[in-house]
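Undergrad: Task: produce atomic coordinates for the following.
(4 chains)
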2 protein chains.
Amino acid sequence: MSSIVNTVTEVAEDVHTRERLLEAAARLFADHGYTHVTIRDICGAARANIAAVNYHFAGKAGLYDEVVQLAIHTMQSVTREAEDAGAGKNAEGRLRAYVHVFLTRVAAIDADGWMHHIMLRELSEPTSALDRIVDQVVRPRMAYLRGIVAELLGCPADDERVVRCAFSIHSQCIAMMNKPMVEQLNPSAGGRDGVGTMVDHITEFSLAGLWALARTT
Amino acid sequence: MSSIVNTVTEVAEDVHTRERLLEAAARLFADHGYTHVTIRDICGAARANIAAVNYHFAGKAGLYDEVVQLAIHTMQSVTREAEDAGAGKNAEGRLRAYVHVFLTRVAAIDADGWMHHIMLRELSEPTSALDRIVDQVVRPRMAYLRGIVAELLGCPADDERVVRCAFSIHSQCIAMMNKPMVEQLNPSAGGRDGVGTMVDHITEFSLAGLWALARTT
DNA sequence: TTGACAATGAAACAGCTGATTCATACAGTC
DNA sequence: GACTGTATGAATCAGCTGTTTCATTGTCAA
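TA: Residues are numbered from 1 along each chain as shown, chains lettered A, B, ... in the order given. Predicted coordinates for the structure are as follows:
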């Protein structure tokens, strides 16, 4: 039935069903959450049969698990990128680099921002995947951030004040991930160079807070 | 069948079915979100028949609408309480009062913190109710907060810097509403006087940020 | 060619959900 | 006492969801 010319290329054809399912599921889960997405939605978007989900991933939950694993890997790469961007700089420079990488990667929704959306959704509506995300992504990030804060405050990394300040900085970054909130409360931040402005703002605002608390130590 | 003594009290009996449904629905919707709660769950908790939801509220969506309306009213009362607590004080005192009322009312989950949970959930997973919440709760709150910030920065309330600073303060307060996040990243804040400590921290941290930006104006 | 095996497609299944129907109980009114 | 409208209860319905079953296809090795 197939011509001789493309017998080989037809094998590779498109991307394999498994990959298409993963890609479609990642986007849909990030956009609408686990429960709001049906496997029929996913298979429709991936041009695959319904049974393919159970065949390749042993069910919807298994597919979500793999998507989460994929998200964790990319989020870890974002953390590494933030650390690399601050390598060799002083604490202030490392903080700025951290906020910059975080916000730019988050703002690039079409690229890989969807993974952070999954994390955000897990935080506000935990599933069994939350523990993995916290252990493998959030904790290392906060540990790095606490290191910066501790240096700026001039006190040990496990000091309660360090934890609170890191929480304040993290809160501002997390808030930027929330599209509806940003659009309603800080619309200009969604604009073209709005992200850059917000990087500067969060950095300056937080540095001032840190310096003030450092003086009262 | 009923004794003469309590014929009247039996009419009022327990709270009416409609009230019980509203109460149970508010708690369940806040805890698990709209889609994860079934009308059977609600009717089970409210000791009511399934048909009662459709009879009193014309369906699940109608019940949720009424719950949201109830939440809006209480959240408005929180805003008013925050304004009253700051009445007559200077900008710094008003900011501290605002953060204090917000966090204490939010931390009191068993009391009326559930309403803020509904708001938080709407922000991360918008339904048609989000617009109402933003218009009637979030906007007035942010307007009040911007007034404080503008005074501290010494510039007009519609200045972009004011918007960004109000966003930073709001972000820290909102983050405190996220139970899993607080427990994972800032566990001591969930403790007994942890809320008081966080009120002081957010206030001091933000005031320092504001003063720093005011100097560069 | 034959058999084995991975992959896919079409159909059906069991469970749950929101909504509906219909009968019943009860309080107030004439 | 008969009637009316409100409120509740039990049963059922239609639709959707995740999963399963079974037949089919295509590929590779013997």
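Undergrad: Show me the residue at the heart of chain A, geometrically.
TA: A:His116 (2.5 Å; CA atoms, centre = their mean).
Undergrad: which residues touch that residue?
TA: By CB atoms under 8 Å, 6 or more residues apart in numbering or on different chains, the contact list for A:His116 reads A:75, A:78, A:105-106, A:177. The C-beta positions use only the backbone N, C-alpha and C, and glycine is treated the same way.
Undergrad: tell me the pLDDT at A:Leu210?
TA: We have a pLDDT of 96 for A:Leu210.
Undergrad: again, but for A:Arg105
TA: 87.
Undergrad: cool, and the one 3 residues further on?
TA: On pLDDT, A:Ala108 comes in at 64.
Undergrad: what bits of chain A have low per-residue confidence?
TA: Where chain A drops to pLDDT under 70, the residues are A:1-14, A:107-111, A:191-192, A:217.
Undergrad: rewinding a little: from the contacts of A:His116, pick the one nearest B:Met142.
TA: A:Met177 (18.6 Å; CB to CB).
Undergrad: next one: phi and psi at the closest one?
TA: Note on A:Met177: its backbone torsions stand at phi -80, psi -20 [degrees, to the nearest 10].
Undergrad: list the contacts for it?
TA: The neighbours of A:Met177, taking CB under 8 Å, 6+ apart as the test, are A:106, A:113, A:116-117, A:120.
Undergrad: Do a quick rundown of the helices in chain A.
TA: A:7-12, A:17-32, A:39-46, A:50-57, A:60-86, A:91-107, A:114-124, A:129-133, A:139-153, A:160-176, A:179-185, A:194-215 (DSSP state H).
Undergrad: Is there proximity between the longest one and DNA strand C?
TA: No: Helix A:60-86 is not in contact with DNA strand C by CB under 7 Å from any atom of the strand; minimum separation 12.9 Å.
Undergrad: Just give me how far that helix sits from the chain centre.
TA: Distance of helix A:60-86 from its chain centroid, counting by CA atoms, centre = their mean, to the nearest Å, is 7 Å.
Undergrad: list the buried ones in it?
TA: Of all the residues in helix A:60-86, those buried under the rule 16 or more other CB atoms under 10 Å in any protein chain shown are A:60, A:63-68, A:70-72, A:74-75, A:78-79, A:81-83, A:86.
Undergrad: ok, and of those, which contact DNA strand D?
TA: Okay, of the buried residues of helix A:60-86 touching DNA strand D (CB under 7 Å from any atom of the strand), that's A:Lys60.
Undergrad: Phi and psi next, for A:Cys36.
TA: Cys isn't right for residue A:36; it's His. The phi/psi pair for A:His36 (degrees, to the nearest 10) reads phi -80, psi -10.
Undergrad: and it, how many neighbours does it have?
TA: When neighbours are defined as other CB atoms under 10 Å in any protein chain shown, A:His36 has 12 of them.
Undergrad: sorry, back to before: pipe the helices of chain A into CSV and attach distance to B:Glu19 per row.
TA: Below are the helices of chain A laid out as CSV (distance: least, CB to CB, whole Å):
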stretch, distance to B:Glu19
helix A:7-12, 64
helix A:17-32, 34
helix A:39-46, 38
helix A:50-57, 44
helix A:60-86, 38
helix A:91-107, 43
helix A:114-124, 29
helix A:129-133, 35
helix A:139-153, 44
helix A:160-176, 36
helix A:179-185, 32
helix A:194-215, 45
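Undergrad: who's in contact with A:Tyr172?
TA: For residue A:172 the amino acid is Gln, not Tyr. For A:Gln172, the contacting residues are A:202, A:205-206, B:167-168, B:171-172, by CB under 8 Å, 6+ apart.
Undergrad: Quick check: it vs B:Gln184, distance?
TA: Per CB to CB, to the nearest Å, A:Gln172 is found 17 Å from B:Gln184.
Undergrad: ok, now which ones touch the closest residue to A:Ala71 other than its chain neighbours?
TA: Spatial nearest neighbour of A:Ala71, chain neighbours left out: A:Met115 (3.8 Å); criterion: CB to CB, 6 or more residues apart in numbering or on different chains. Applying CB under 8 Å, 6+ apart to A:Met115 gives the contacts A:26, A:30, A:70-71, A:74-75.
Undergrad: Distance check, A:Glu83 against DNA strand D.
TA: Separation of A:Glu83 from DNA strand D (CB to the nearest atom of the strand, to the nearest Å) stands at 37 Å.
Undergrad: count of neighbours near the spatially closest residue to that residue that is not a sequence neighbour?
TA: In space, and not counting its chain neighbours, A:Glu83 is closest to A:Tyr144: 6.2 Å by CB to CB, 6+ apart. A:Tyr144: 18 surrounding residues under other CB under 10 Å.
Undergrad: isn't A:Tyr144 right up against A:Tyr98?
TA: Yes: at 7.4 Å, A:Tyr144 counts as touching A:Tyr98 under the criterion of CB atoms under 8 Å.
Undergrad: The residue lying closest to A:Glu122 once chain neighbours are set aside: what's it in contact with?
TA: Distances taken as CB to CB, 6+ apart place A:Leu130 nearest to A:Glu122, at 4.5 Å, with adjacent residues excluded. Contact analysis of A:Leu130 by CB under 8 Å, 6+ apart lists A:122-123, B:180.
Undergrad: Name the member of the contacts of A:Met177 with the most neighbours.
TA: That'd be A:His116 among the contacts of A:Met177, by other CB under 10 Å, with 25 neighbours.
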